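**Q** Below: sequence and its predicted model.
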Amino acid sequence: MSGVLRLSNNVTGRSTIVASANTDQTFTLPSIGGTLLTGGSSLEVIFPPGTEALPGLHVQGDVDTGLYAPAANSLGISTAGSQRLIIDASGRVGIGNSTMYQYLEVGFTDDNATFQGTGAFGDWGAGSRGILLENKSSTTGSKVLAQFRNTANDWFAGTAHNGTNTDFILQRENFDPTLIVSAEGRLLMGTPSDITGSTNYILQAATTGGGSIALARNDGTVGVNESMGRITFYGNDGGTYEAVGQIDCQADDPHAAGDKPGRLVFSTTADGASAVTERMRLDSSGSLLIGSTQNQIVGRGSIGGRLQVSADDNEAAITIKRATAGAFGSYLGLGKARGTLASPSIVLDGDELGTISFGAYDGTDYASFAAQITAIVDGLTGENNTPGKLHIYTTPAGGSQSLARMQIDARGQFIAISDGTGSVDNMLSTLGASSSSTKLLSCRRNATSENFGSGTEVCVIRRNGDLDNTNNSYGALSDIKLKENIVDAGSQWEDLKAIRFRKYNYKKETRNDTLTQLGVIAQELELVSPGLVTTTPDLDENDVDLGTTTKSVKYSVLTLKALVALQEAMTRIEALETEVSSLRAK
């Protein structure tokens, strides 16, 4: 073995050693030197530990660049008098780090975080810090990867050329890519490529069972209203990010093992505001609350609706619109079945099919209702045979229970019911214009179903009170089976003679027809036949007594009195005729 080795003592001068023999040779160097042994198959160079600034073994002419020993069983490399790499006693390698915990660590202490390059976010150029793995191929699908291995399988992290740019991938061996950060900045999970066709979808997830995202709260104690996870949407058109909308999952009640009631809260930011306000929540019972945070019972005693709309203004409303080329309009359906939703069974006679309830706040809650409309099965049911009727209920003053007031049955019969309370009992009131020809009520026969203007008109009640019918027949129930205490009527002669018949017209302010009419004055008739006059108090539209009264006349009874008097006149006439005939016979 032969060669030449020059050693420096890092102070002055240097030694040159020439080895040409085949036996071990020992050379003694100057005071701060080393020992070189040559011979056989081994070569040993011994040099002092040195320092980071002055390595024990340095490059000729460059005393601050070389090898040194920072500690026992450790080796360091310095350039320009600064540590660059260290291998410690455990074999850990540090680049820029002097204390390592992993087998390869890269670290710097100059706090240089600047990027050298151009672009909105800068590109990682000469000023960056890290490890470079470079792929110089432009072939589509070519990759540069870092491999991570354990006893189960391998994972790879790196880049892949997609034909135009480069994507970052994280992939398990022999599996499709688990995660990709595309060249456009989209984060793709479970899919190797964009699934939307839009760069706005920067987070995409796909699996054979459907892409899902899980947000969780890891807390030993969860109380009511605490958040389980939140998605917040921001806008930045004024230089500052401000919330625009939010979806929050919250605890609807305190949590326990096997008991996790939750709700979803949807919030938006109002015009002119920069903070979100709750608009809607889906609570743990499945009720959707719009404009309210409390599931409230309204008008049904113990039932909280699955859809509740509340507001402090005129927007407490539900609007349903439809726009189609057909004739049909919007639709609201209320359905009922026995059994279950999954296995329904037929409804029975008397079953309620649906109710519209009107609740009033009574100082405590909204559970008492003032009125309601209910659809009820009205007969035997079967396939394509579902007879029904409508009941309308109202609650009287001072009451808490609504009473049935009106019914339209399966045959179309209309029934109105009144409790008869109060000074006036209007079973049916109709309103119309002032024209005498206006029909307040039109009765027709042989009408076509769902065509209310069809059929033959047989009776009309007009706005001025006139009653017209086709056969001029008016009657009353008169079967003897309905009556008792039957006796002959007394004489009506004197009563009828005392009645004053007048001509008159209604005052203009009454808004009745002002044509001249023939009839009686109630106060005058009352002096002769008080039983023919009815007096009722005057009430305003709220049934408040105005302190005055209005009198009306029973003209049908007056007509009967006239007929009785006519019979008397006929009897007298017949007697006179008999007497005249007798006188003529003499």
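**A** That came through fine. Being a predicted model, the structure only gives us computed values, none of them experimental.

**Q** Show me where this structure dips below the pLDDT cut-off.
**A** Low-confidence segments of the chain, defined by pLDDT under 70: 1-44, 108-130, 177, 299-303, 419-437, 449-453.

**Q** Output the contacting helices and strands for the helix ranked longest in it.
**A** When the chain is parsed with DSSP state H, its longest helix is helix 555-585. Counting by 3 or more CB pairs under 8 Å, 6 or more residues apart in numbering; DSSP states H and E, the packing neighbours recorded for helix 555-585 are helix 493-498. (Each C-beta comes from the backbone N, C-alpha and C, glycine too.)

**Q** Buried residues, the helix it packs on. List them.
**A** 493, 495-496 (16 or more other CB atoms under 10 Å).

**Q** And those, which is closest to P48?
**A** Within those, proximity to P48 (CB to CB) peaks at D495, which comes in at 151.6 Å.

**Q** gap between the closest one and A522?
**A** Counting by CB to CB, to the nearest Å, the gap from D495 to A522 is 15 Å.

**Q** one step back: in CSV: the buried residues of helix 493-498, plus distance to G363.
**A** Formatted as CSV, the buried residues of helix 493-498 follow (distance: CB to CB, whole Å):
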residue, distance to G363
W493, 64
D495, 57
L496, 60
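
**Q** ok, the residues you listed vs Q250, which is closest?
**A** Of all the buried residues of helix 493-498, D495 has the smallest distance to Q250: 83.0 Å, by CB to CB.

**Q** Might one say that that closest one is in contact with S529?
**A** Yes - if you go by CB atoms under 8 Å, D495 and S529 touch, sitting 5.4 Å apart.

**Q** Find residues that contact each of these two.
**A** Counting by CB atoms under 8 Å, 6 or more residues apart in numbering, the common neighbours of D495 and S529 are K561.

**Q** What is the burial count for the nearest residue to A367 once chain neighbours are set aside?
**A** Residue nearest to A367 in three dimensions, not counting chain neighbours: I297, with 4.7 Å by CB to CB, 6 or more residues apart in numbering. Residues contacting I297 under the criterion other CB atoms under 10 Å number 16.

**Q** swap in T207?
**A** Residues near T207, counting by other CB under 10 Å: 10.

**Q** Repeat that for the one 5 residues further on.
**A** Residues lying near S212 (other CB under 10 Å) number 8.

**Q** Surely it is within a helix?
**A** No - membership of S212 in a helix is not supported by DSSP: H, G, I helix; E, B strand; the rest coil, which gives coil.

**Q** Is it correct that it is in contact with A206?
**A** No - at 10.0 Å, S212 does not count as touching A206 under the criterion of CB under 8 Å.

**Q** gap between G185 and L440?
**A** 73 Å.

**Q** Just want to know which of the two has more residues nearby.
**A** L440 (17 against 9).

**Q** shouldn't that one be in contact with C459?
**A** No - counting by CB under 8 Å, C459 is not a contact partner of L440; they are 11.5 Å apart.

**Q** For L525, what is the enclosing helix or strand?
**A** Element membership for L525, per DSSP states H and E: helix 522-528.

**Q** That helix - contacts with which helices or strands?
**A** Looks like helix 522-528 contacts strand 533-539, strand 545-553 (3+ CB pairs under 8 Å, 6+ apart).

**Q** Could you list the buried residues of it?
**A** Result for helix 522-528 [16+ other CB under 10 Å]: buried residues 525-526, 528.

**Q** Reformat those residues as CSV; add distance to Y201.
**A** What follows is the buried residues of helix 522-528, written out as CSV (distance: CB to CB, whole Å):
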residue, distance to Y201
L525, 88
E526, 88
V528, 94
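
**Q** For E278, name its beta-bridge partners.
**A** Counting by DSSP bridges, E278 forms beta bridges with S267.
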